[in-house]
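1. Sequence plus the predicted model coming up.
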Amino acid sequence: MFNHLLQSEVLKMRKTYVWLLLFVSPFLATVAALAANPPIEESANEWSLLLLIMTPMHTILFLPLIIGVFTGFICRYEHKNGGWKQLLSLPVKRTHVYMSKFILVMTLIALNQLVFMGGWLLVGLVKGFTDPLPMQVIAKSIVGGWISTLPLAAIMLLVSMAWSSFAAPLAFNVIFTLPNILVANSETYAPYYPWVQPFLTMIPKEEGPWGGFFVSFESILYAITLGFIIFFISGLMYIRRKAV
């Protein structure tokens, strides 16, 4: 039954053009990187410097906003014409309904990350980089960036399920995404702000704790791990108690 729910969510998404958003931020980041000619430091890896150009374009505004659109669209059908009542009246587990939506959102984010990585590699090939490809940086930036979106996806899925208006969750997301430009440079607030974690996790810098991510221990513990647990469980509790 869970597989059928997941397939139905994929089918609903395929009927829209929202999947084209997978290419928006990677395309803009790739264009910006192709147009840029930053000075190359002798001790710096060209591929890592390229990430310094592409990551802000990808993560500061566009990635959080795209996540909000994905979660909004994935709940849009249920909010129209009594869709929640029809779905939750079927002999399906509400936990499976929630999990199918969350897994599809995280899959779309993973694809977005892979497209971004493809743009990153393309720019390096076009510019003829000769430095060795830093595989560890790729893993930390791309995979770590995907993991850091877990709490944000959980927050936006909860809001999208709770609010029947498609525009309301998007407005909510925009309000909390815009401060990223200021929060990203704040040592006080950045480690606890879910919307800025993809940027902090993907931007190459000094080693993080345990050599895992490019972020502080506080970001990993509070914004990513604890934030994900709280909002994921909140989403599960909401859909279990949702009236039909």
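-> Looks like it came in fine. Numbers count the residues shown, from 1 in each chain.
2. Distance from the longest helix belonging to the chain to the middle of the chain?
-> Longest helix in the chain, counting residues (DSSP state H): helix 94-126. Remark: helix 94-126 is offset 8 Å from the chain centroid, using C-alpha atoms, centre = their mean, to the nearest Å.
3. how about it: buried residues?
-> Under the neighbour-count criterion of 16 or more other C-beta atoms under 10 Å, helix 94-126 has 94, 97-102, 104-106, 108-109, 112-113, 115-117, 119-121, 123-124 buried. Every residue, glycine included, has its C-beta placed from N, CA and C.
4. Show me what the following helix or strand past that helix is packed up against.
-> Counting by DSSP states H and E, the element after helix 94-126 in chain order, helix or strand, is helix 135-138. Helix 135-138 sits against helix 46-57, with contacts defined as 3 or more C-beta pairs under 8 Å, 6 or more residues apart in numbering; DSSP states H and E.
5. relative orientation of the longest helix of the chain and helix 46-57 in degrees?
-> If you take axes from the mean of the first three to the mean of the last three C-alpha atoms, to 10 degrees, helix 94-126 sits at 130 degrees to helix 46-57.
6. could you give the mean pLDDT of helix 94-126?
-> In this model, helix 94-126 has a mean pLDDT of 95.
7. tell me what it is packed against?
-> Counting by 3+ C-beta pairs under 8 Å, 6+ apart, helix 94-126 packs on helix 2-14, helix 24-35, helix 46-57, helix 63-79, helix 83-89, helix 144-148, helix 150-162, helix 227-241.
8. which stretch among the ones you listed comes nearest residue 181?
-> Between residue 181 and the helices and strands packed on helix 94-126, the tightest spacing by C-beta to C-beta is seen for helix 46-57, at 9.1 Å.
9. I'd say residue 189 and residue 183 touch.
-> Yes. In this structure, residue 189 is within contact of residue 183 by C-beta atoms under 8 Å, at 5.2 Å.
10. burial of residue 7, as a residue count?
-> The local packing of residue 7 (other C-beta atoms under 10 Å) involves 11 other residues.
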